[in-house]
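1. Dropping the sequence and predicted coords here.
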Amino acid sequence: MTHKCIHWFRKGLRLHDNPALMAALRDCKELYPVFILDPHLFDKTRVGLNRWRFLVGALTDLDRSLQKLNSRLFVVRGRPEDVFPQLFTEWKITKLTYEFDTEPYSASRDKRVTALAKEHKVEVVYKVSHTLYDIDRINEENNGKAPLTYNRMQAIVKTLGPPKKPVAAPTVEDVKGLKTPHLGNDMNYYGVPALDELGHDTLELGEEPFPGGEQEALRRLEEHMKKSGWVCSFEKPQTSPNSLSPSTTVLSPYVAFGCLSARTFWWKLTEVYQGKKHSDPPVSLHGQLLWREFFYTASVGVPNFNKMEGNPVCTQVDWDSNHDYLAAWREARTGFPFIDAIMTQLRREGWIHHLARHAVACFLTRGDLWISWEEGQKVFEELLLDGDWALNAGNWQWLSASTFFHQFFRVYSPVAFGKKTDKNGDYIKKYLPILKKFPAQYIYEPWKAPRSVQQAAGCVVGKDYPRPIVEHEVISKKNIQRMKLAYAKRSGNSDESASKKQGVKREAPSVVHMLKKKGKK
DNA sequence: CAACGGTTGTTCTC
DNA sequence: GAGAACAACCGTTG
């Protein structure tokens, strides 16, 4: 029992499957569980109220769980570079533990903190537990480059075997003989933040369908895993983007903050699958966790992954900057009820179905508004409970057909897509009650309703609800041509750079080599 | 070089 | 409800 140890929580806001926390408990006489409110990560403009509330919930839950182990959480305000030297000295710290984090900011931050720890003669221990695998290992197995297709990714992962088994949460037995000083101090002493601490208007708060925290995460996991038939037959593309209650697990916010370990989720699924016929990646629930791994791998292997410029795998597109269009999209007033309902749900609840994200992302970028995916990325990062740097950047590039996905001629219709799973428009009526009296025939395109129908519904388009800001049938065809042009330039450009790099030659598409292909057999 | 497969398009026809 | 046309991309594989 020699160490005075800080375990630094960042993501990984949990006790289960937390190997770095377990490392902190080893040979420890004084334990200080710390979370830092880094102003670079947490400010009002970057963290919307719902996501902030989720975090506060997660920290509250973590504090409670630590108290059951005769410890507590210390929430410290400030930049980690400023905070740690003070804490090292004040608490006479000898060891620092944390969970490995792949994000560029985190990596540079952790490097700086590790250097400071060294100056203070503090031993640093970190463990991989946010992802299924050590992401660097995957890239190494692929000759040092990120796999750019899911198939390739799967092949690599296969050679690595299944993910590590999760480690159990610490028990009272594990913390025997160690103490956490300042336990009895009042709540304000490094206390969990209040909801208004970032300066949000908390009056805007609605209900909380997805409260933050490890306990809620594990409860939610159990609730879904009990439905073994549902789990075994799960196919993501078959789930509905506009059901009135979520058609998927909504475990993503918990995995993003690390309230739920991806490995715990993985092995729980394995258990449920055991001996049963079940769906497989990419569409299965295991497959969803591998998608997460896929984007994490790309985010580590590709420089400037959250940007278009300087991102070697991202097609360079001449996106417009149209503030009016962007604001209309963000504020749910595009005049397309399906799009506006989704954006309303996003703003109100902080979660929307994956395919709903597809619809609004395609609409913002290559489908209709021709606005950069980086703008959408910012909005999602602020508003989504499950906002995750790697997944957000990766999926925006996917949907904008900038990389990973290239069939840019497949455009989601802001009218037709939602109808497939919600013919009556109940989802629209829920989130846009102004339209609730519209007959189903017109609910997806109210501007087509005769004046008399609009008046009878108590909603005149152009007065009570906006006219559509674009004509989808026209603009989407134009945009496909603009994408085609961007791709043609891409082939031209990469001709030089690619041949330098690895001798791969690519030519601008020639006119005639497109014979009709037969469909699948 | 050509064929193949790609989590999740739309619309029309049978 | 399945299949084809629509216009046609990429990375990977052989």
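-> Happy to help now that I have it. Numbers count the residues shown, from 1 in each chain, chains lettered A, B, ... in the order given.

2. how many neighbours does residue A:13 have?
-> The number of residues packed around residue A:13, counting by other CB atoms under 10 Å, is 26. C-betas here are computed from N, CA, C, even on glycine.

3. now swap in residue A:232 and tell me
-> Residue A:232 has 16 nearby residues by other CB under 10 Å.

4. May I see the buried residues of the strand or helix carrying it?
-> Secondary structure assignment for residue A:232, by DSSP states H and E: helix A:228-233. For helix A:228-233, burial by neighbour count (16 or more other CB atoms under 10 Å) applies to A:231-232.

5. how distant is that helix from the center of its chain?
-> 24 Å (CA atoms, centre = their mean, to the nearest Å).

6. Quick check: which element contains residue A:29?
-> With DSSP H and E as criterion, residue A:29 is part of strand A:28-37.

7. can you tell me which residues contact the residue in chain A positioned nearest to DNA strand C?
-> Residue nearest to DNA strand C within chain A (CB to the nearest atom of the strand): residue A:406, separated by 3.3 Å. Shown in contact with residue A:406 (CB atoms under 8 Å, 6 or more residues apart in numbering): residue A:487.

8. Go ahead and report the secondary structure state at it.
-> With DSSP: H, G, I helix; E, B strand; the rest coil as the basis, residue A:406 sits in coil.

9. Give me the pLDDT value at it.
-> pLDDT, residue A:406: 97.

10. Ok, the one 5 residues further on next?
-> At residue A:411, the model reports a pLDDT of 98.

11. That one is in contact with residue A:365, isn't it?
-> No: proximity of residue A:411 to residue A:365 does not meet the contact threshold set by CB atoms under 8 Å, at 10.4 Å.

12. These two - which one has more neighbours?
-> residue A:365 (27 against 21).

13. Roughly how far does the residue nearest to the more buried one when sequence neighbours are not counted sit from residue A:189?
-> Once flanking residues are discounted, residue A:365 sits nearest to residue A:400: 3.9 Å by CB to CB, 6 or more residues apart in numbering. Remark: distance between residue A:400 and residue A:189 (CB to CB, to the nearest Å) = 47 Å.

14. Would you mind listing what in chain A touches DNA strand B?
-> A:149-151, A:235-237, A:282-283, A:287-288, A:291, A:354-355, A:358, A:398, A:405-407, A:409-413, A:415-417, A:420, A:507, A:513, A:520 (CB under 7 Å from any atom of the strand).

15. Give the buried subset of those residues as a ChimeraX selection command.
-> To isolate the buried ones among these in ChimeraX, judged by 16+ other CB under 10 Å, type:
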select /A:236,282,287,288,291,354,355,358,398,411,412,413,415,417
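
16. among the residues of chain A next to DNA strand B, which are in helices?
-> In helices, defined here by DSSP state H, the members of the residues of chain A next to DNA strand B are A:150-151, A:287-288, A:291, A:354-355, A:358, A:398, A:416-417.

17. before we move on, the earlier item: hmm, who's touching the strand holding residue A:29?
-> Outside strand A:28-37, the residues that touch it by CB under 8 Å, 6+ apart are A:1-10, A:13, A:21, A:24-25, A:59, A:62, A:66, A:71-78, A:80, A:83, A:87, A:91, A:93, A:95, A:175, A:177-181, A:193, A:197.

18. List only buried entries from the residues you listed.
-> A:3-10, A:13, A:21, A:24-25, A:59, A:62, A:66, A:71-76, A:80, A:83, A:87, A:91, A:93, A:95, A:175, A:178, A:180, A:193.

19. picking up where we left off before, neighbour-wise, which of residue A:400 and residue A:189 wins?
-> residue A:400 (29 against 11).

20. my read: that one touches residue A:317, true?
-> Yes: between residue A:400 and residue A:317 there is a contact under CB under 8 Å: 7.5 Å.

21. Hmm, residue A:205 and residue A:53 touching each other?
-> Yes: contact criterion CB under 8 Å: residue A:53 and residue A:205 qualify, at 6.9 Å.

22. If you count surrounding residues, which of the two has more?
-> residue A:53 (21 against 12).

23. quick one, what contacts that one?
-> A:195, A:205, A:208, A:212 are the contacts of residue A:53 under CB under 8 Å, 6+ apart.

24. out of the residues you listed, which one sits closest to residue A:157?
-> residue A:212 (29.6 Å; CB to CB).

25. That closest one: how many residues sit nearby?
-> Neighbour number of residue A:212 under other CB under 10 Å is 27.

26. Kindly report the same for residue A:182.
-> Residue A:182, neighbours per other CB under 10 Å, totals 12.

27. Likewise for residue A:136?
-> 15.

28. Just to be sure, it is in a helix?
-> Yes: residue state for residue A:136 (three-state DSSP) corresponds to a helix.

29. any idea of the pLDDT on the closest residue to it other than its chain neighbours?
-> Closest residue in space to residue A:136, ignoring its immediate chain neighbours: residue A:300 at 6.9 Å, by CB to CB, 6+ apart. On pLDDT, residue A:300 comes in at 97.

30. residues contacting residue A:300?
-> A:102, A:135-136, A:139, A:146, A:390 are the contacts of residue A:300 under CB under 8 Å, 6+ apart.

31. Quick check on these: which are buried?
-> A:102, A:135, A:139, A:146, A:390.

32. Can you tell me which of the residues you listed end up in helices?
-> Using DSSP H, the buried ones among the contacts of residue A:300 in helices are A:135, A:139, A:390.

33. Closest to residue A:224 out of these?
-> Using CB to CB, those come closest to residue A:224 at residue A:390, 23.7 Å.

34. Was I right to think that closest one contacts residue A:294?
-> No: contact between residue A:390 and residue A:294 fails when scored by CB under 8 Å: they sit 9.4 Å apart.

35. which stretches of chain A aren't confidently modelled?
-> A:1, A:185-187, A:493-521 (pLDDT under 70).
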